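Q: Have a look at this prediction, sequence included:
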Amino acid sequence: MLIGMSPCCHALVPCAGVGQRAGAGAPKQYRAIAGEAMVVHTLRALLQVERLASVLVVLSPDDTAFEAAVGELVHDPRLRVARCGGASRAESVAGGLQALLEQGVMPHDWVLVHDAARCLVEPAWVDRLIDACRDDEVGGLLALPVADTLKQQVAQGPDARVAATVDRAGKWAAQTPQMFRLGLLQPALRQAGEHLTDESSAIEALGHDPRLVRGDLLNLKVTWPEDFALAERLLGTV
Ligand SMILES: Nc1ccn([C@@H]2O[C@H](COP(=O)(O)OP(=O)(O)OP(=O)(O)O)[C@@H](O)[C@H]2O)c(=O)n1
Ligand SMILES: C[C@](O)(CO)[C@H](O)COP(=O)(O)O
(Lines give C-alpha, C1' and ligand atoms only; values in the text may rest on other atoms or scores of the structure.)
(Ligands and ions follow the chains in the order given, each with its own letter.)
Protein backbone atom coordinates (compact mmCIF):
# COMPACT_ATOMS: atom_id res chain seq x y z
CA MET A 1 0.00 0.00 0.00
CA LEU A 2 1.42 3.41 -0.95
CA ILE A 3 1.08 5.91 1.87
CA GLY A 4 1.78 9.61 1.26
CA MET A 5 2.73 12.21 3.86
CA SER A 6 -0.72 13.78 4.06
CA PRO A 7 -3.24 11.74 6.05
CA CYS A 8 -5.24 9.11 4.15
CA CYS A 9 -8.71 7.85 5.07
CA HIS A 10 -9.41 4.13 5.48
CA ALA A 11 -12.71 2.40 6.28
CA LEU A 12 -12.83 -0.41 8.83
CA VAL A 13 -16.00 -2.52 8.74
CA PRO A 14 -16.65 -4.80 11.74
CA CYS A 15 -18.47 -7.78 10.23
CA ALA A 16 -17.93 -10.52 12.82
CA GLY A 17 -21.12 -10.35 14.85
CA VAL A 18 -23.61 -13.16 15.33
CA GLY A 19 -26.77 -11.06 15.03
CA GLN A 20 -28.43 -12.44 18.15
CA ARG A 21 -31.12 -9.73 18.39
CA ALA A 22 -32.02 -10.13 14.71
CA GLY A 23 -32.93 -13.78 15.34
CA ALA A 24 -32.03 -14.74 11.77
CA GLY A 25 -30.42 -18.04 12.82
CA ALA A 26 -27.17 -17.01 11.12
CA PRO A 27 -25.02 -13.85 11.09
CA LYS A 28 -27.34 -11.09 9.89
CA GLN A 29 -24.71 -9.46 7.67
CA TYR A 30 -25.13 -12.32 5.18
CA ARG A 31 -28.92 -12.27 5.09
CA ALA A 32 -30.16 -11.20 1.65
CA ILE A 33 -31.72 -7.75 1.40
CA ALA A 34 -33.01 -6.70 -2.03
CA GLY A 35 -31.28 -9.74 -3.57
CA GLU A 36 -27.83 -9.27 -2.04
CA ALA A 37 -26.20 -9.97 1.29
CA MET A 38 -26.52 -7.02 3.67
CA VAL A 39 -22.75 -6.50 3.81
CA VAL A 40 -22.57 -6.17 0.01
CA HIS A 41 -24.74 -3.04 0.12
CA THR A 42 -22.51 -1.63 2.85
CA LEU A 43 -19.25 -2.33 1.02
CA ARG A 44 -20.50 -1.11 -2.35
CA ALA A 45 -21.46 2.24 -0.83
CA LEU A 46 -18.12 2.63 0.94
CA LEU A 47 -16.16 1.69 -2.19
CA GLN A 48 -17.89 4.56 -4.00
CA VAL A 49 -16.23 7.04 -1.64
CA GLU A 50 -13.17 8.06 -3.62
CA ARG A 51 -11.32 9.48 -0.61
CA LEU A 52 -11.27 6.07 1.10
CA ALA A 53 -7.86 4.60 0.26
CA SER A 54 -8.95 1.15 1.44
CA VAL A 55 -11.92 -0.65 2.97
CA LEU A 56 -10.93 -3.32 5.50
CA VAL A 57 -13.58 -5.89 6.46
CA VAL A 58 -13.09 -7.65 9.79
CA LEU A 59 -14.44 -11.20 9.72
CA SER A 60 -14.72 -13.91 12.33
CA PRO A 61 -11.76 -16.34 12.02
CA ASP A 62 -14.22 -19.16 11.19
CA ASP A 63 -16.31 -17.16 8.68
CA THR A 64 -17.15 -19.30 5.64
CA ALA A 65 -19.74 -17.01 4.04
CA PHE A 66 -17.92 -13.84 3.01
CA GLU A 67 -16.31 -14.76 -0.33
CA ALA A 68 -19.47 -16.34 -1.74
CA ALA A 69 -21.61 -13.46 -0.48
CA VAL A 70 -19.55 -10.62 -1.96
CA GLY A 71 -18.89 -12.20 -5.36
CA GLU A 72 -17.08 -9.87 -7.80
CA LEU A 73 -16.54 -7.18 -5.15
CA VAL A 74 -13.77 -9.33 -3.68
CA HIS A 75 -11.59 -8.33 -6.66
CA ASP A 76 -11.82 -4.62 -5.89
CA PRO A 77 -8.21 -3.55 -5.24
CA ARG A 78 -9.25 -1.29 -2.36
CA LEU A 79 -11.09 -4.09 -0.51
CA ARG A 80 -9.12 -5.95 2.16
CA VAL A 81 -10.07 -8.68 4.61
CA ALA A 82 -8.77 -9.46 8.11
CA ARG A 83 -9.95 -12.62 9.87
CA CYS A 84 -9.42 -11.24 13.35
CA GLY A 85 -12.96 -10.67 14.63
CA GLY A 86 -13.42 -11.04 18.39
CA ALA A 87 -16.14 -11.77 20.91
CA SER A 88 -17.33 -8.15 21.02
CA ARG A 89 -17.56 -5.35 18.46
CA ALA A 90 -14.79 -3.47 20.28
CA GLU A 91 -12.48 -6.49 20.02
CA SER A 92 -13.22 -6.83 16.30
CA VAL A 93 -12.42 -3.15 15.74
CA ALA A 94 -9.21 -3.45 17.80
CA GLY A 95 -8.12 -6.42 15.68
CA GLY A 96 -8.84 -4.46 12.51
CA LEU A 97 -6.80 -1.47 13.71
CA GLN A 98 -3.82 -3.75 14.31
CA ALA A 99 -4.25 -5.22 10.82
CA LEU A 100 -4.26 -1.70 9.33
CA LEU A 101 -1.01 -0.88 11.13
CA GLU A 102 0.55 -4.08 9.80
CA GLN A 103 -0.55 -3.08 6.28
CA GLY A 104 1.39 0.18 6.56
CA VAL A 105 -1.38 2.57 7.55
CA MET A 106 0.20 5.38 9.56
CA PRO A 107 -0.79 6.60 13.05
CA HIS A 108 -1.82 9.99 11.63
CA ASP A 109 -4.13 8.41 9.04
CA TRP A 110 -7.88 8.53 9.60
CA VAL A 111 -9.92 5.38 10.20
CA LEU A 112 -13.67 5.46 9.54
CA VAL A 113 -15.26 2.60 11.48
CA HIS A 114 -18.59 1.62 9.95
CA ASP A 115 -20.95 -1.21 10.97
CA ALA A 116 -21.57 -3.86 8.32
CA ALA A 117 -25.12 -3.76 9.67
CA ARG A 118 -25.67 -0.13 8.54
CA CYS A 119 -26.26 -1.20 4.97
CA LEU A 120 -28.19 1.90 3.86
CA VAL A 121 -25.17 4.16 4.22
CA GLU A 122 -24.75 6.61 1.34
CA PRO A 123 -21.41 7.86 -0.01
CA ALA A 124 -22.53 11.48 0.43
CA TRP A 125 -22.92 11.01 4.19
CA VAL A 126 -19.41 9.56 4.45
CA ASP A 127 -18.06 12.51 2.46
CA ARG A 128 -19.90 14.87 4.81
CA LEU A 129 -18.15 13.27 7.79
CA ILE A 130 -14.73 13.46 6.10
CA ASP A 131 -15.28 17.12 5.19
CA ALA A 132 -16.29 17.97 8.76
CA CYS A 133 -13.47 16.06 10.50
CA ARG A 134 -10.37 16.05 8.30
CA ASP A 135 -9.06 19.29 9.83
CA ASP A 136 -10.37 18.51 13.32
CA GLU A 137 -7.97 17.79 16.18
CA VAL A 138 -10.04 14.87 17.48
CA GLY A 139 -12.36 13.51 14.80
CA GLY A 140 -16.04 12.76 15.04
CA LEU A 141 -19.05 10.69 14.14
CA LEU A 142 -22.36 10.75 12.32
CA ALA A 143 -25.23 11.09 14.77
CA LEU A 144 -28.80 12.38 14.96
CA PRO A 145 -30.44 14.58 17.58
CA VAL A 146 -32.95 12.46 19.53
CA ALA A 147 -36.44 13.22 18.25
CA ASP A 148 -38.62 11.19 20.62
CA THR A 149 -39.44 11.72 24.28
CA LEU A 150 -37.12 9.48 26.28
CA LYS A 151 -38.31 7.16 29.06
CA GLN A 152 -36.23 5.47 31.72
CA GLN A 153 -37.61 2.02 32.42
CA VAL A 154 -38.08 0.18 35.66
CA ALA A 155 -38.31 -3.64 35.51
CA GLN A 156 -37.67 -5.66 32.36
CA GLY A 157 -39.54 -7.23 29.45
CA PRO A 158 -43.36 -7.31 29.53
CA ASP A 159 -43.27 -5.94 33.10
CA ALA A 160 -41.37 -2.82 32.04
CA ARG A 161 -42.83 0.44 33.32
CA VAL A 162 -41.78 4.06 33.18
CA ALA A 163 -39.64 5.20 36.07
CA ALA A 164 -38.98 8.68 34.69
CA THR A 165 -38.90 10.87 31.62
CA VAL A 166 -35.35 11.73 30.62
CA ASP A 167 -34.56 15.21 29.31
CA ARG A 168 -33.74 14.76 25.63
CA ALA A 169 -32.24 18.23 25.16
CA GLY A 170 -28.75 17.99 23.75
CA LYS A 171 -28.91 14.22 23.29
CA TRP A 172 -27.87 12.55 20.04
CA ALA A 173 -28.13 8.95 18.81
CA ALA A 174 -24.73 7.75 17.61
CA GLN A 175 -24.38 6.26 14.15
CA THR A 176 -21.40 5.20 12.06
CA PRO A 177 -19.00 5.91 10.41
CA GLN A 178 -16.98 7.20 13.36
CA MET A 179 -13.74 8.84 12.21
CA PHE A 180 -10.59 9.04 14.32
CA ARG A 181 -6.86 8.90 13.74
CA LEU A 182 -5.40 5.39 14.03
CA GLY A 183 -2.77 6.60 16.48
CA LEU A 184 -5.43 8.01 18.82
CA LEU A 185 -8.08 5.31 18.45
CA GLN A 186 -5.88 2.26 18.99
CA PRO A 187 -4.60 3.18 22.47
CA ALA A 188 -8.02 4.61 23.39
CA LEU A 189 -9.71 1.28 22.66
CA ARG A 190 -6.97 -0.66 24.44
CA GLN A 191 -7.49 1.46 27.55
CA ALA A 192 -11.28 1.32 27.39
CA GLY A 193 -11.67 -2.48 27.25
CA GLU A 194 -13.93 -4.74 25.20
CA HIS A 195 -17.39 -3.64 26.33
CA LEU A 196 -17.67 -0.24 24.67
CA THR A 197 -20.35 -0.03 22.01
CA ASP A 198 -18.69 2.64 19.87
CA GLU A 199 -15.33 4.26 19.15
CA SER A 200 -16.40 7.71 20.29
CA SER A 201 -16.84 6.38 23.85
CA ALA A 202 -13.19 5.35 23.95
CA ILE A 203 -12.07 8.77 22.72
CA GLU A 204 -14.38 10.52 25.21
CA ALA A 205 -12.87 8.44 28.03
CA LEU A 206 -9.52 10.06 27.22
CA GLY A 207 -11.09 13.49 27.80
CA HIS A 208 -11.63 14.46 24.17
CA ASP A 209 -14.90 15.71 22.71
CA PRO A 210 -15.58 14.20 19.26
CA ARG A 211 -17.37 16.33 16.69
CA LEU A 212 -21.07 15.55 16.14
CA VAL A 213 -21.86 15.52 12.41
CA ARG A 214 -25.47 15.22 11.36
CA GLY A 215 -26.22 11.73 10.04
CA ASP A 216 -29.45 10.57 8.43
CA LEU A 217 -32.54 8.79 9.69
CA LEU A 218 -32.06 6.29 6.88
CA ASN A 219 -28.62 5.32 8.20
CA LEU A 220 -30.25 2.76 10.47
CA LYS A 221 -28.57 -0.29 11.94
CA VAL A 222 -30.35 -3.54 11.12
CA THR A 223 -30.76 -4.90 14.65
CA TRP A 224 -34.23 -6.41 15.17
CA PRO A 225 -36.09 -8.98 13.00
CA GLU A 226 -38.43 -6.34 11.56
CA ASP A 227 -35.48 -4.19 10.41
CA PHE A 228 -34.76 -6.49 7.44
CA ALA A 229 -38.09 -5.67 5.79
CA LEU A 230 -37.63 -1.97 6.53
CA ALA A 231 -34.13 -1.95 5.00
CA GLU A 232 -35.44 -3.82 1.97
CA ARG A 233 -38.22 -1.27 1.44
CA LEU A 234 -35.83 1.63 1.83
CA LEU A 235 -33.27 0.13 -0.56
CA GLY A 236 -36.01 -0.21 -3.12
CA THR A 237 -37.12 3.40 -2.84
CA VAL A 238 -34.07 5.58 -2.15
N1 LIG B 1 -18.11 -9.57 17.99
C2 LIG B 1 -18.59 -8.68 17.12
C3 LIG B 1 -19.88 -8.10 17.30
C4 LIG B 1 -20.35 -7.21 16.34
N5 LIG B 1 -19.59 -6.95 15.24
C6 LIG B 1 -20.13 -6.08 14.19
O7 LIG B 1 -20.47 -4.82 14.73
C8 LIG B 1 -21.54 -4.25 14.01
C9 LIG B 1 -22.61 -3.69 14.93
O10 LIG B 1 -22.97 -4.66 15.88
P11 LIG B 1 -24.44 -5.25 16.13
O12 LIG B 1 -25.46 -4.61 15.32
O13 LIG B 1 -24.63 -5.30 17.60
O14 LIG B 1 -24.26 -6.71 15.52
P15 LIG B 1 -24.28 -8.10 16.25
O16 LIG B 1 -23.29 -8.10 17.37
O17 LIG B 1 -24.08 -9.09 15.16
O18 LIG B 1 -25.77 -8.17 16.80
P19 LIG B 1 -26.28 -8.67 18.25
O20 LIG B 1 -25.69 -7.71 19.25
O21 LIG B 1 -27.76 -8.59 18.15
O22 LIG B 1 -25.76 -10.07 18.42
C23 LIG B 1 -22.09 -5.35 13.09
O24 LIG B 1 -21.72 -5.04 11.75
C25 LIG B 1 -21.41 -6.61 13.58
O26 LIG B 1 -21.15 -7.58 12.57
C27 LIG B 1 -18.33 -7.51 15.09
O28 LIG B 1 -17.65 -7.25 14.11
N29 LIG B 1 -17.86 -8.37 16.03
C1 LIG C 1 -21.61 1.85 16.90
C2 LIG C 1 -23.10 1.88 16.93
O3 LIG C 1 -23.62 1.56 15.64
C4 LIG C 1 -23.55 3.29 17.28
O5 LIG C 1 -24.93 3.36 17.33
C6 LIG C 1 -23.67 0.89 17.91
O7 LIG C 1 -23.38 1.27 19.21
C8 LIG C 1 -23.16 -0.50 17.64
O9 LIG C 1 -24.12 -1.44 17.98
P10 LIG C 1 -24.10 -2.36 19.26
O11 LIG C 1 -25.32 -3.16 19.14
O12 LIG C 1 -24.12 -1.45 20.44
O13 LIG C 1 -22.85 -3.15 19.18
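A: Looks like it came in fine. Ligands and ions are numbered 1, 2, ... in the order given.
Q: what about D209, which SS state?
A: Following DSSP: H, G, I helix; E, B strand; the rest coil, the label given to D209 is coil.
Q: my guess is it contacts V138, does it?
A: Yes - counting by Cβ atoms under 8 Å, V138 is a contact partner of D209 at 6.7 Å. C-beta here means a position set from N, CA and C on the backbone, and glycine is covered the same way.
Q: For the two, indicate the residue with more neighbours.
A: V138 (17 against 11; other Cβ atoms under 10 Å).
Q: so how far is R168 from that one?
A: Noted for V138: a distance of 24 Å to R168, by Cβ to Cβ, to the nearest Å.
Q: Let me see the ranges of the helices in this protein.
A: For the chain, the helices defined by DSSP state H occupy 38-47, 66-70, 89-102, 123-133, 182-192, 199-205, 227-237.
Q: For D148, find the nearest of these.
A: Closest approach to D148 among the helices of the chain (Cβ to Cβ): helix 227-237, 16.7 Å.
Q: Report all helices and strands that the closest one contacts.
A: For helix 227-237, the helices and strands in contact under the criterion 3 or more Cβ pairs under 8 Å, 6 or more residues apart in numbering; DSSP states H and E are strand 32-33.
Q: and the strand it packs on with ligand 1, contact?
A: No - with Cβ under 6 Å from any ligand atom as the criterion, ligand 1 is not reached by strand 32-33; the gap is at least 13.4 Å.
Q: The residue in the chain that ligand 1 sits nearest to: neighbour count?
A: Per Cβ to the nearest ligand atom, G17 is where the chain lies closest to ligand 1, at 2.1 Å. For G17, the neighbour count with other Cβ under 10 Å is 19.
Q: any idea how far R89 is from it?
A: To R89, G17 is 7 Å away according to Cβ to Cβ.
Q: Next one, pLDDT for the residue nearest to G71 when sequence neighbours are not counted please.
A: Nearest residue to G71, sequence neighbours excluded (Cβ to Cβ, 6 or more residues apart in numbering): V40, at 7.6 Å. With respect to pLDDT, V40 has a value of 98.
Q: How about G4?
A: 50.
Q: Quick check: residues of this protein near ligand 2?
A: With Cβ under 6 Å from any ligand atom as the criterion, the chain comes near ligand 2 at residues R89, D115, A174, Q175, T176, T197, D198, K221.
Q: My guess is the third one contacts A143. True?
A: Translated: A174. Yes - judged on Cβ under 8 Å, A174 makes contact with A143 at a distance of 5.0 Å.
Q: Give the residue spans of the protein that score low on pLDDT.
A: Applying pLDDT under 70 to the chain flags the ranges 1-4, 237-238.
Q: what does it have sitting close to ligand 1?
A: So the chain meets ligand 1 at 14-22, 28-29, 58, 85-89, 92, 115-117, 221, 223 (Cβ under 6 Å from any ligand atom).
Q: separation between L184 and G85?
A: Taken as Cβ to Cβ, the span from L184 to G85 is 22 Å.
Q: try V154
A: Counting by Cβ to Cβ - V154 and G85 are separated by 36 Å.
Q: Tell me which of the two has more neighbours.
A: The neighbour comparison of V154 against G85 (other Cβ under 10 Å) goes to G85, with 23 against 11.
Q: so what's that one closest to, chain neighbours aside?
A: A16 is the one closest to G85 (Cβ to Cβ, 6+ apart), at 2.4 Å.
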